[in-house]
Structures are given as structure tokens and as C-alpha cells.
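Participant: kindly return the folded structure for what I paste below:
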Amino acid sequence: MTHVRDMSIWVPRVDGGWGWIVVLGSFLIHVFADGIVYSFGILLNIFMTEFNSDNAETSLIVGLLAGITLSVGPIASAFANRFGCRLTTIVGCLASLRATSVKYLWVSVGCVMGCGAGFMYCPAIIIVTVYFEKKRAMATGIAVCGAGVGTLVFAPLAAKAITIWGWHGAFYLYTVVLILCALCGSTFRPLPFVKVEDQDKSIEEKKGELKAVKADVNAGGDVSHKVDWFLSGLRSLSLCLTSVRVLLSWSLLDVFYTGSVTSLPRKNHEKFRSLTMLKEDNTALDGVADKNANGYVSQERNRMREIFRSLAGTFFVVVDILDLTLLADPIFMLFAISNFLTSIGFNAPLMFIPAHAENMGVTPANAAYLLSAFGAFNTIGRVLFGIVSDRKLPTKFGKDVKRNRLWIYIVSLCICGMVTCFVFVYKSYMNLLVYAAIFGLTISSYVCLTSVLLVDLLGLDKLTSAFGILLLFQGLATFIGPYVSGKLADIMDKSYDLTFVFCGVCLLMSGAMLFAIYPLRKRQRQSENVKKADVL
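Facilitator: A predicted model of the protein is given here:
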């Protein structure tokens, strides 16, 4: 008599519920952490006066702060996978609290606060992608908008604190904010991905039953009377093992993808996210009574080996993230070099525009509002590009969404580079205000479209590796950019004209060079076609 066990699967609730609290926590962390980093430029002139240092030395503080924030991304990703996003974020926040000392600014602000910010930033992105599928683009867009809001709010707040309490006042403000980050990180509770409830026996007991059946077969005994009895147990075990396998792949592959999962090709969606694959994987069990028990044991033994290999693979998360074979992919390398140049040109203008404005006679309080203008339009740009990039455009070639995204990215970077090259022409405060707004609007494509373009160019299965390596490129560029820009300002006797030209050229080159993607992809397709023809 067949004994059928009552099995139930508890599927995680995504796209709502506690997920919106997580989005709020991630949004506030972006407000606080990015607000501190992006508004730090208002302190540069004060530090140069206080410590009698030059632009290059002082800018290295922010270079280390922003660069280390990005460079620890792969390590933070591994910690988030191992210990969870909530604990990783809180630990990062506590590390940042140690950065309130200004005696050794390179170490305390640049290194310690940089590590802390990196450990907050990466989990704040990952946790939102875990809680949302269909609404992922909207949820992630809301979360990352916090960076623009933070810049909008923190620049005048820090300027006001400096006016009242001196530059120490800004650090008092940062300390309070970092304590709030710990509270935000506490909302990142782990999501119970898949829970399989078996009312009769555990997986270990089922494994023991498998061994017993195998022993009977090896002894030449009659096991036909056990097949019906054991059938439901095998179904339960198969379902559980397959669930864990889906969970493991689910946890790594698309957590950096900030677009909607429903916009991915169907085959990728099913392979990496959909729990309907459980049904497909277990279809073969319906006809298992027609097979002998030996084949049954072999099938389940292979399943066990597969799942153990998957479990062992989770201990090598960092290795998976840094898949160096991507360095041999010409399209990825072109995109990585472009990202490197973008990162060089992105950070320095934010750092030096308050000092440049003060050189023109603008008050420090009004100079801080230039960063606020950047933050406001950067927020608008992130929302705008996020909406437009997933839609078809009313043009001749506008039906190809992937092509549209790449063109939007390229054109926006080129515009950003051109307006930055000509900062030396802007002689009034209003001109600088308009420039800050255009810069914030156009550079937002770099922030919100990078992960989506990686999926378009390389595929979802390479996203985690590509994103991890890209963070290293960005981190290195962020070290180099502010220091070189500061050195150019020192050479020009504290004039920032050449600094902005240098940043503008880097941004313009980073956009223009991506036009080469089209001939590279054409060559790759031709090479693949030749290989297929040779095989046939």
C-alpha cells in the first residue's frame, strides 16, 4: 500500500510586506552614507587651511574614502552571503564610528570610514534585490535615490554645522548619522527563501532508507514490495534537494541586477529564480515505478552528490565573484576601462566645485548649494533613466530596448564630459548652478544602468563576477582621480580649470569608446558562427 506523505512548501513572500521596510532602510543608508561622501568636498578648503596642506594631499582623504568604499565591495558581498546583510551593515556602521578622529585623516576618515561605508553600501543594494522580483526596478530605484537626496540635504547641513561649531561640528553630525545607519541596518532581516516541511521523516532518515534499499539490491534480495512504500519518500527527498539547489543558485546570480527580473529572457528567469522548476525537476519521479530500485538509488545518489557540490561551492563566494576569465572578454574589458575613466571623472568635480566657487568669490554657504543642486537632479535622473531604460522609444530603432539603454548611457556620459570640459567658461554662480544640475542629471545613468548593461552585454550568469571585478576598477580609479586632479590644481596655483578639463575628457572618452561595442559584438557573432559551422 502506497503511503503518501503530506508535503508543503513555504514560498518566500516577495514584492511587498516587510520588503518595503527594507527599501526604507536601504534608502536611508544611501541618504546617510552617500550624503557624507558626496558632501565631503566642502571640508577640503578648511582642511588645507587648518593643516597647511595642498590639494593633492587633502583630496587623497576623499579619494581613500570613496575608493575603499568601492574596493571592499567583493569582500562585503562575501560577508553578506555568509553572515547576512543585517549583521554586515551594523558591523560596517560601528567601524565608521571610529572615524570621528581627525588627527590621522588618511587613516581614520579615508581607510576606516571607507571600509565601514563599503560594508554598509553593498548589503544595502543586495538586500533589496533579494526581497523583490517583479517590482525590483522600482524598489531599487527608490533605494538608490537616497544618494541624491543625501547630497541635497547634507551639503547645507554640514555647512551650517561648520558655521556654528567649526569643522568639528561636521564630524559630530556624521557620528549621529552613522548611529542611525545601524538602526537602518537592523531592518535587513534574512528572508526565509524556501522551507520544506515533512511531517514524517527528515532528510537524514530518507538517506538511511536509500542505503537500506541499496543493500537489499546488492544482496540480490527482492525489493519490489518496497518500491511503492518508498516512492513517496523519494519524492519528498527529491523535492527537498532540488529546493536547496534552486536556493543556492538564487542567492548569488542576480542579486546585483537592479532591473526587473520579469524583463530578463525567459530561460534565465526560470533557471535562476522560478520555483516552478521544482515541478519540472520532479516530473521524472511520476514514472519511477517502472524502473528498478538500482536505477532509483543511482538517480538519488547523483542528486546527493550534486547538492553537496553546491554546498561546498558556497565557501568560495569570493572566488566566484572574482571570475578572472572575464578579463579575456574584449567587451567586458572595454566596458571596465570605460567605467574606470568614468570613475576618475565622476568624483573630482564633486570634490572641487565648492572650492572652485569660493575662488570666484562665492560664500561657503552658497557653494554648498551647488552640491545640493547636483543631488536634486541626480535623484531626478536616476528615476528618469530607470523608467526610460525599460521602455521602447518612438524612434526608428527604438524597439530594441537593450540598444536604447546602451545609447542612453553613451550619450549621457558624452554630454556630461562636454559640459565638464568647459567649466572654466562658467564665470557666474548661476552658470555653476546650471552645470551642477546638468552634471547630476547626466551622470546618474552611470549609477543606475551599469548592472543592467552588464546583463545585456554578458548575461545574468556572469553578473556577480563582472560586478565584483568592476568594483575593483572603480575603486582604483577613485583612488587615482582625486589625487591627480588635486595635483593639477596645485600645478595651476590652486586654479581648478585644468582639473575640470581633465575630468571632462575622461568622461567624454568613457562614453565615446563604448561605440566600439557594436563591431566587437559583430566579430564575436561571426566567430561563434564559424565555430558552429566547423562542428557541423
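Participant: residue ranges of the helices in the stretch 351-500 of the chain, please?
Facilitator: Using DSSP state H, counting those that start in this stretch, the helices of the stretch 351-500 of the chain run over 364-388, 401-421, 429-458, 463-491, 497-512.
Participant: any idea which of those helices has the lowest pLDDT on average?
Facilitator: Ranked by mean pLDDT, the helices of the stretch 351-500 of the chain end with helix 463-491 at the bottom, a mean of 83.
Participant: and it, which residues are buried?
Facilitator: Of all the residues in helix 463-491, those buried under the rule 16 or more other C-beta atoms under 10 Å are 463-489. C-beta coordinates here come from the backbone N, C-alpha and C atoms, glycine included.
Participant: what helices or strands is it leaning on?
Facilitator: Taking 3 or more C-beta pairs under 8 Å, 6 or more residues apart in numbering; DSSP states H and E as the contact definition, the neighbouring helices and strands of helix 463-491 are helix 55-71, helix 73-83, helix 317-321, helix 330-359, helix 429-458, helix 497-512.
Participant: return the most buried member of those.
Facilitator: Each of these was scored by mean neighbour count; the highest is helix 55-71, a mean of 25, by mean count of other C-beta atoms under 10 Å.
Participant: got the angle for it vs helix 497-512?
Facilitator: Angular relation of helix 55-71 and helix 497-512 on a 0 to 180 degree scale: 30 degrees, by axes from the mean of the first three to the mean of the last three C-alpha atoms, to 10 degrees.
Participant: taking helix 330-359 as reference, get the angle to helix 55-71.
Facilitator: Computed by the same axes, to 10 degrees, the angle separating helix 55-71 from helix 330-359 equals 140 degrees.
Participant: any chance of the helices and strands packed on helix 463-491 in a markdown table, plus distance to Val419?
Facilitator: Supplementary listing: the helices and strands packed on helix 463-491 in a markdown table, determined by distance: least, C-beta to C-beta, whole Å:
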| stretch | distance to Val419 |
| --- | --- |
| helix 55-71 | 22 |
| helix 73-83 | 29 |
| helix 317-321 | 35 |
| helix 330-359 | 10 |
| helix 429-458 | 5 |
| helix 497-512 | 7 |
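Participant: closest to Glu528 out of those helices?
Facilitator: The closest approach between Glu528 and any of the helices and strands packed on helix 463-491, judged by C-beta to C-beta, belongs to helix 330-359 at 13.0 Å.
Participant: just the mean pLDDT for the closest one, thanks.
Facilitator: Rounded to a whole number, the mean pLDDT of helix 330-359 is 91.
Participant: got any ranges where this structure has weak pLDDT?
Facilitator: For the chain, residues meeting the criterion pLDDT under 70 lie at 1-16, 73-108, 110, 112, 136-137, 190-323, 398, 531-536.
Participant: the domain parsing of it - what is it?
Facilitator: When the chain is parsed with automatic domain parsing, its domains come out as 15-192, 195-320, 322-536.
Participant: neighbours of Ser372, how many?
Facilitator: Other residues within reach of Ser372, judged by other C-beta atoms under 10 Å, total 22.
Participant: that one contacts Ala155, doesn't it?
Facilitator: Yes - taking C-beta atoms under 8 Å as the definition, Ser372 is a contact partner of Ala155 at 5.1 Å.
Participant: tell me, how many residues neighbour the nearest residue to Tyr369 once chain neighbours are set aside?
Facilitator: With C-beta to C-beta, 6 or more residues apart in numbering as the criterion, Tyr369 has its nearest non-adjacent residue at 6.5 Å, and that residue is Pro156. The burial count assigned to Pro156 is 17, neighbours taken as other C-beta under 10 Å.
Participant: circling back: ok, which of the helices and strands packed on helix 463-491 comes nearest Pro519?
Facilitator: Distances from Pro519 to each of those were compared using C-beta to C-beta; the shortest belongs to helix 330-359, at 10.3 Å.
Participant: which helices and strands does that closest one pack with?
Facilitator: In terms of contacts (3+ C-beta pairs under 8 Å, 6+ apart), helix 330-359 is packed against helix 44-51, helix 55-71, helix 364-388, helix 401-421, helix 429-458, helix 463-491, helix 497-512, helix 517-535.
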